[in-house]
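**Q** Model the following, please.
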Amino acid sequence: MKNRSTSNPAAALSTTTTAAASTTSTTTSYRAVIETFVFFVGCLVFSIVTDAITKNVLRQLNLPITLTLAQFGASTICGLVALHLLKLHPPQSLAWPRVQKVTPLMFFQASGFLLSNVSVSAVAVSFMHTVKACESVFTAFLSYVFLKHRYSLGVYGSLLPMILGVMLSSFTELSFTMKGLLSGLGSNVCFSSRSVVSELLFREKLFDDINLYWLMCAGATIMVLPLWMWTDMGVLPGMLAALEGNGGVAVLGQLFLCGVMHFIYNIFSFMILSRTSSLTHVVLHAVRRMLVIYASILYFGNPVQTLNYVGMLLVFAGVFLYAHFRNAQQRSAAKAKDDSSSNNSNDSTANARPVSSKFALDAWLYRNTGKAAESSGKKDDVFQWIATSAGTVRVLCSEPAPSSTTTDTITNPTATPERGNGGIRTRSAAAAASSAAAVKPVLVCVPDGPCVIEHFEGLVKRFQNRYRVVVFDLPGFGLSAPAPSYDHSLQKAAQCIEEVLDALLVERAVLNFTCINGYYALAFAKRCPQRVAGLVLGQTPAPADMRAWTTRVIPRYLSIPYLGQLISYVLRHHLARYWLSVALPSTKVEQQGQQNKNQQFVPHPELAAWQSKAAAALKKGGCNCLASVVQGVDGIDSNTAADAALLTGITAPVVLLWGLKDRSHRPTDPKNFHTLVPHATVCLLPDQGHFPNLENLDALEKALNQLL
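**A** Numbering: from 1, shown residues only. Sure thing, here's the model as predicted:
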């Protein structure tokens with residue numbers, strides 16, 4: 001992956017990434033299981049509610065086309081709000097050549113749900129779901145015909161129990177009608193065709209899942225609308241008027257609510273699919289359908305005979321066998337492919353670690369951050385972007401790397417600098433070039449969100465004559481977009497810092513980090529001690545004090561997985577303004593004739609300017625992943641073996657600048673930092689707030705002189 005070209009020589013430097021190499025902890029595994037269970041419960045609940053509302057509406061208005069139009073219309077509106085207004089997911093281009101290729105999916109989407117609603121209007125919900133559970137039969141047949149897929153005998157054999165189960169249920173179903181059976185089977189044909197066409201479409205990668213689902217709903221709405229106008233529009237007003245009391249208004253409300261519930265159910269289904277294997281999703285989908293059948297029997301009180309239950313069990317036994325044999329065939333094919341592939345590919349993936357989707361949610365929410373940055377009014381002669389395993393990092397350099405060094409494109413973005421592994425540049429080559437031409441010491445700064453690179457313009461001007469100043473936003477803040485696998489842990493952040501310095505050919509530097517970023521700097525200093533000439537930290541307390549500060553200052557909802565990420569995203573502008581108003585020092589003014597309890601605080605004179613820079617970055621699509629940072633470093637403790645291995649035993653000189661006017665740290669004793677780094681020098685600054693190494697450049701200069 002190449003860097004974006006700029007007029008600055010520094011922008012010509014190549015980028016490099018390294019594969020994540022850590023194992024999943026037991027806690028993470030438990031959380032992943034709990035999160036999947038929560039999504040499954042949500043999917044189940046909204047599915048049951050949707051079916052209940054659907055049946056109730058059809059009992060009052062036997063107009064399946066009207067119901068289908070309401071479901072697609074509500075889903076289209078919800079998707080429009082989520083994609084294009086709230087920007088919860090980046091919308092994709094709707095150019096007609098792209099949309100035209102999706103029209104078959106729109107047709108199968110409209111036909112499949114319309115036939116499902118026709119089936120529900122004619123038979124019991126439990127029987128309809130029993131019929132629809134054998135959708136795999138049609139998928140296997142159509143895949144064989146159109147995709148030339150060949151399955152094992154076990155897969156084909158698993159289809160027999162499904163067919164026999166549907167036949168048995170049909171013979172014993174008290175509410176059986178041929179209309180209900182045929183429409184249910186027709187729905188299976190439509191959805192199986194949609195799956196086959198989707199597989200053909202995804203080879204071209206025109207749309208992601210969310211955009212494709214919304215586009216199918218929008219297209220289905222347009223397709224169903226003329227049919228509704230022809231069949232139901234004329235009779236609907238009369239049927240509504242015939243309902244007693246306010247029944248007509250209630251039914252209209254139920255129609256819209258049914259569409260909203262259906263939309264939410266599909267979103268939950270996508271969340272499950274995005275974090276589980278296809279086998280797990282098939283099994284969970286089958287379990288969900290079984291529970292929906294049982295709930296519908298209880299809710300509607302449909303009489304069910306024993307043979308009907310036997311038929312249901314046969315169908316779902318076939319579904320589980322189908323999933324089992326499909327998974328076995330896929331594993332066998334994957335093993336054969338791995339055996340025939342080169343062993344070199346195993347180096348970059350052997351230690352890959354699955355990450356909780358709560359962090360991937362930020363990558364989803366801020367997916368268009370990089371694109372927004374490129375199209376914004378940035379200074380093309382100053383900034384560059386570096387691809388790392390943690391995400392795409394925006395960097396400001398006061399001057400380029402040593403001019404005698406040139407690098408080519410990194411052809412393998414998963415290669416580590418140590419191994420090379422397909423990459424052109426290696427660390428030894430970078431070190432040789434850097435040591436041969438380096439003139440100035442390097443000062444590396446990382447903003448503490450919601451601060452961004454632009455807040456460091458004064459610092460760069462102050463120190464650029466003596467230092468090569470490098471400033472970059474960590475992924476998840478500013479215009480640095482996080483990767484789905486970035487969990488804001490000490491290990492991942494330290495690795496990201498290393499990759500950025502590798503790309504910039506920085507072999508040794510002084511690190512200037514603030515607050516929680518100070519722990520990232522310490523972790524990097526422990527990881528690569530030979531590359532750290534010293535550390536200037538600001539408002540980085542001892543781990544125990546940091547936990548107390550988090551409990552005292554950070555809103556509790558930000559520590560809740562998923563909910564915290566969503567709230568942090570929605571309130572990102574507000575959180576940025578509020579935090580800067582608290583973090584910057586304010587002046588206490590006593591009014592004459594007033595008691596101390598009525599003292600007023602005058603905001604920092606540059607507060608508006610600080611807030612303006614943060615707001616400008618957010619308006620360009622910038623990140624403020626506060627919740628993920630809180631959750632990523634939750635429970636950090638130098639007394640535990642894992643954290644102690646990264647935070648203790650630091651040999652580099654350390655200076656801690658501490659602003660005494662930081663209202664959020666009033667109870668914190670900065671000298672407790674010695675429990676973490678005994679040899680650190682603690683400098684108390686009476687007039688500074690939460691960003692002392694940015695507010696007081698004189699103090700920063702003294703600290704740098706002490707270190708160098």
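**Q** where are the low-confidence patches of the stretch 501-650 of the chain?
**A** Along the stretch 501-650 of the chain, segments meeting pLDDT under 70 span 588-601, 634-644.
**Q** And the strands in it?
**A** Under the criterion DSSP state E, counting those that start in this stretch, strands of the stretch 501-650 of the chain are mapped to 509-514, 532-538, 587-589, 600-602, 623-624.
**Q** how far out from the middle of the chain is the second one?
**A** Averaging C-alpha coordinates over strand 532-538 and over its chain gives two centres that are 32 Å apart (Cα atoms, centre = their mean, to the nearest Å).
**Q** Listing partners with orientation, what would you give for it?
**A** Next to strand 532-538 in the sheet, as set by DSSP bridges, lie strand 509-514 (parallel), strand 654-659 (parallel).
**Q** closest one to Tyr309 among the ones you listed?
**A** Across these, Tyr309 has its closest neighbour in strand 509-514 (64.0 Å, Cβ to Cβ). Heads up, the C-betas are built off the backbone N, CA and C, glycines and all.
**Q** For this protein, name the helix or strand with the lowest mean pLDDT.
**A** The least trusted helix or strand in the chain, going by mean pLDDT, DSSP states H and E, turns out to be helix 427-437, with a mean of 42.
**Q** Next secondary structure element downstream of it?
**A** Where DSSP states H and E defines the elements, the next helix or strand beyond helix 427-437 is strand 442-445.
**Q** packing partners for that following strand?
**A** Contacting strand 442-445 under the criterion 3 or more Cβ pairs under 8 Å, 6 or more residues apart in numbering; DSSP states H and E are the following elements: strand 468-472, strand 509-514.
**Q** can those strands go into TSV with extra columns for distance to Val260 and mean neighbour count?
**A** Shown next, in TSV, are the helices and strands packed on strand 442-445 (distance: least, Cβ to Cβ, whole Å; neighbours: other Cβ atoms under 10 Å):
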stretch	distance to Val260	mean neighbour count
strand 468-472	42	25
strand 509-514	44	25
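**Q** could I get the ones you listed as a markdown table with distance to Thr675?
**A** Output for these, formatted as a markdown table (distance: least, Cβ to Cβ, whole Å):
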| stretch | distance to Thr675 |
| --- | --- |
| strand 468-472 | 30 |
| strand 509-514 | 19 |
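**Q** Which among those strands is found nearest to Pro678?
**A** strand 509-514 (18.8 Å).
**Q** so the closest one versus strand 468-472, what angle?
**A** 40 degrees (axes from the mean of the first three to the mean of the last three Cα atoms, to 10 degrees).
**Q** residues making contact with strand 509-514?
**A** Strand 509-514 is contacted from outside by 441-448, 467, 470, 501, 520-521, 524-525, 531-540, 690-691, 693-694, 700, 704, 707-708, using Cβ atoms under 8 Å, 6 or more residues apart in numbering.
**Q** just the helices in the stretch 151-300 of the chain please.
**A** Assigned by DSSP state H, counting those that start in this stretch, the helices in the stretch 151-300 of the chain fall at 153-172, 178-202, 209-231, 236-242, 247-275, 278-300.
**Q** Give me the buried positions along stretch 616-629.
**A** Neighbour counts using 16 or more other Cβ atoms under 10 Å place Ala617, Leu618, Lys620, Gly621, Gly622, Cys623, Asn624, Cys625, Leu626, Ala627, Ser628, Val629 of stretch 616-629 among the buried residues.
**Q** CA atoms only for that stretch, dumped as PDB, please.
**A** The C-alpha trace of stretch 616-629 is given here as PDB (Å, rounded to 0.1, in the frame of the first residue of the first chain):
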ATOM      1  CA  ALA A 616     -12.900  21.100  12.700                       C
ATOM      2  CA  ALA A 617     -11.400  17.600  12.700                       C
ATOM      3  CA  LEU A 618     -14.600  16.000  13.700                       C
ATOM      4  CA  LYS A 619     -16.500  17.800  11.000                       C
ATOM      5  CA  LYS A 620     -14.000  16.300   8.500                       C
ATOM      6  CA  GLY A 621     -14.900  12.900   9.700                       C
ATOM      7  CA  GLY A 622     -12.500  12.700  12.500                       C
ATOM      8  CA  CYS A 623     -12.700  10.100  15.300                       C
ATOM      9  CA  ASN A 624     -13.200  10.400  19.000                       C
ATOM     10  CA  CYS A 625     -13.300   6.700  20.200                       C
ATOM     11  CA  LEU A 626     -13.300   7.500  23.900                       C
ATOM     12  CA  ALA A 627     -15.400   4.500  24.800                       C
ATOM     13  CA  SER A 628     -13.100   2.000  23.200                       C
ATOM     14  CA  VAL A 629     -10.000   3.500  24.900                       C
END
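**Q** gap between that stretch and the chain center?
**A** Taking Cα atoms, centre = their mean, one finds the center of stretch 616-629 at 13 Å from the center of the full chain.
**Q** same question for stretch 47-64, mean pLDDT?
**A** Stretch 47-64 shows an average pLDDT of 86 in the prediction.
**Q** Can you list the buried residues in it?
**A** In stretch 47-64, counting by 16+ other Cβ under 10 Å, buried: 47-58, 60-61, 63-64.
**Q** likewise stretch 694-701?
**A** If you call a residue buried by 16+ other Cβ under 10 Å, then stretch 694-701 has these buried ones: Leu694, Glu695, Asn696, Ala699, Leu700.
**Q** One more: stretch 34-42?
**A** Of the residues in stretch 34-42, Glu35, Thr36, Phe39, Phe40, Gly42 count as buried by neighbour count, 16+ other Cβ under 10 Å.
**Q** what's around Val260, how many residues?
**A** Applying other Cβ atoms under 10 Å, we find 18 residues neighbouring Val260.
**Q** Dihedrals phi and psi, Gly391?
**A** Dihedral pair for Gly391: phi 140, psi -170, per degrees, to the nearest 10.
**Q** centroid residue for this structure?
**A** Leu361 (1.9 Å; Cα atoms, centre = their mean).
**Q** circling back to that earlier point, which among the strands of the stretch 501-650 of the chain is found nearest to Tyr299?
**A** Distance to Tyr299, taken as Cβ to Cβ, is lowest for strand 623-624 among those, at 44.0 Å.
**Q** ok, back up a step: among the buried residues of stretch 616-629, find me the one that's closest to Val197.
**A** For the buried residues of stretch 616-629, the nearest to Val197 is Gly621 (33.3 Å; Cβ to Cβ).
**Q** Three-state assignment for Trp385, please.
**A** State at Trp385, reduced to three classes by DSSP: H, G, I helix; E, B strand; the rest coil: strand.
**Q** Settle this for me: it is touching Gly391, isn't it.
**A** No. Trp385 is beyond contact range of Gly391, at 10.1 Å (criterion: Cβ atoms under 8 Å).
**Q** who's more crowded, these two?
**A** Neighbours were counted for Trp385 and for Gly391 using other Cβ under 10 Å; Gly391 has more, 27 against 22.
**Q** Against Pro529, how distant is the more buried one?
**A** Between Gly391 and Pro529 the computed distance is 25 Å (Cβ to Cβ, to the nearest Å).
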